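> I'd like to go over a predicted model; first the sequence, then the structure.
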Amino acid sequence: MEFSHTSVLLNECIENLKCSDGKIMVDATLGGGGHSIEILKRIQPTGLLIGLDKDKEAINAASERLKQFGDGFKAVHSDYVHLEQVLSDLGIKGIDGCLMDLGVSSYQLDNGGRGFSYHEEAPLDMRMDRSQELNAEQVVNDYSKDELSRIIRDYGEERFASRIAANIVKSRSIKRIETTLELVEIIKQAIPASKRRTGPHPARRTFQALRIYVNGELEHLEPAITSACNSLGPGGRLCVITFHSLEDRIVKTTFARWANPCTCPKDFPQCICGKEPEGKVITRKPIIASEDELEKNIRARSAKLRVFEKKQQF
């Protein structure tokens with residue numbers, strides 16, 4: 001299966017990254033390389049793009065797709081939380097821009113063998129990095145009811161988390177739950193019929209929660225964007241695309257803290273803590289997909305782009 005991904009908010013990302021010849025850029029979530037190819041077109045012939053992904057299949061596919069750019073592109077199999085170390089290993093001291101397109105790619109959703117989709121029969125896997133041990137099948141079958149309920153509630157914002165967890169525990173006592181569609185039916189049975197008939201797919205939030213937990217997405221997010229910010233040179237920009245409120249809240253609050261790090265009481269006449277801003281937030285409100293883009297790619301409906309710019313001088 002071809003590793004493909006319809007790049008969300010592509011033009012908006014390119015514009016806000018301020019790409020130009022000679023710049024050093026990072027695509028920290030390489031995926032199918034859709035954003036990367038457009039970045040590379042604009043920073044060539046002397047620029048460099050480093051692409052990171054913890055999915056080895058993405059690295060292999062993007063390396064093949066972007067080989068036309070020769071030494072102008074470098075792919076690294078790594079979690080973006082290790083960005084500073086990756087750049088250090090490459091001998092790069094500062095970058096001009098970084099893009100993070102969070103969440104799961106179209107390829108991962110559509111590839112039945114990966115277990116991300118609640119529409120396709122597949123083994124319960126959900127690992128972005130297949131070299132890691134923990135997968136969704138282990139969580140679903142081995143975690144306690146309370147642990148499952150917490151994961152589904154906290155990472156999926158699912159109001160029926162406790163009922164779903166109880167039904168999972170009941171079902172697995174009869175037979176180990178091994179596939180995505182087995183889990184979908186168990187989830188459906190736990191949600192009142194009146195609620196199943198309206199709104200999103202009944203398994204959507206639970207699958208989101210399991211994917212986030214298995215891949216440590218929320219735990220890694222703030223350290224990852226901090227690593228990216230630390231790597232930016234003066235005036236460099238960090239663009240982050242989120243797809244649900246949990247991610248967006250972390251990015252929004254972290255950007256705000258970087259722009260205004262003062263910890264002095266609000267009634268102090270002047271700052272005495274001495275903490276200086278890292279830079280400024282470019283997007284007062286997040287950038288969302290246009291109607292034209294939504295007509296072409298429904299998966300862009302929940303995408304939000306936030307942009308932070310490192311201060312010009314240190």
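Arrived safely, thanks for sending.
> Now residue 140: closest residue in space that isn't a chain neighbour?
In space, and not counting its chain neighbours, residue 140 is closest to residue 177: 5.2 Å by C-beta to C-beta, 6 or more residues apart in numbering. C-beta coordinates here come from the backbone N, C-alpha and C atoms, glycine included.
> which element is residue 121 on?
Using DSSP states H and E, residue 121 maps to neither a helix nor a strand.
> where's the residue nearest to residue 144 when sequence neighbours are not counted relative to residue 204, distance?
Take residue 144 and drop its neighbours on the chain: the residue closest to it by C-beta to C-beta, 6+ apart is residue 169, 7.9 Å away. In this view, residue 169 and residue 204 are 21 Å apart by C-beta to C-beta, to the nearest Å.
> More neighbours: which of the two?
residue 169 (18 against 14; other C-beta atoms under 10 Å).
> Touching, the more buried one and residue 149? I think so.
No - Residue 169 is beyond contact range of residue 149, at 9.6 Å (criterion: C-beta atoms under 8 Å).
> quick one: residue 202 is in a strand?
No - counting by DSSP: H, G, I helix; E, B strand; the rest coil, residue 202 is not found in a strand; it is coil.
> isn't it right next to residue 189, touching?
No - applying C-beta under 8 Å, one finds residue 202 not in contact with residue 189, separated by 9.6 Å.
> So those two - more neighbours on which side?
Neighbour tally, residue 202 and residue 189, criterion other C-beta under 10 Å: the higher count belongs to residue 202, 21 against 15.
> Now for residue 45: which residues touch it?
Going by C-beta atoms under 8 Å, 6 or more residues apart in numbering, residue 45 touches 21, 72.
> so how far is residue 285 from it?
Residue 45 is 36 Å from residue 285, by C-beta to C-beta.
> could you pull out the strands for the stretch 101-250 of the chain?
Under the criterion DSSP state E, counting those that start in this stretch, the stretch 101-250 of the chain contains strands at 232-242.
> which residues of it score low on pLDDT?
Residues of the stretch 101-250 of the chain meeting the criterion pLDDT under 70: 106-107, 110, 112.
> Mind jotting down where the helices sit in it?
Ranges of helices in the stretch 101-250 of the chain, per DSSP state H, counting those that start in this stretch, are 106-110, 136-142, 145-156, 161-172, 180-190, 193-196, 204-215, 217-231, 245-259.
> now for these, which one comes closest to residue 127?
Minimum separation from residue 127 across the helices of the stretch 101-250 of the chain (C-beta to C-beta) falls at helix 204-215, 6.1 Å.
> tell me which residues in the closest one are buried?
205-215 (16 or more other C-beta atoms under 10 Å).
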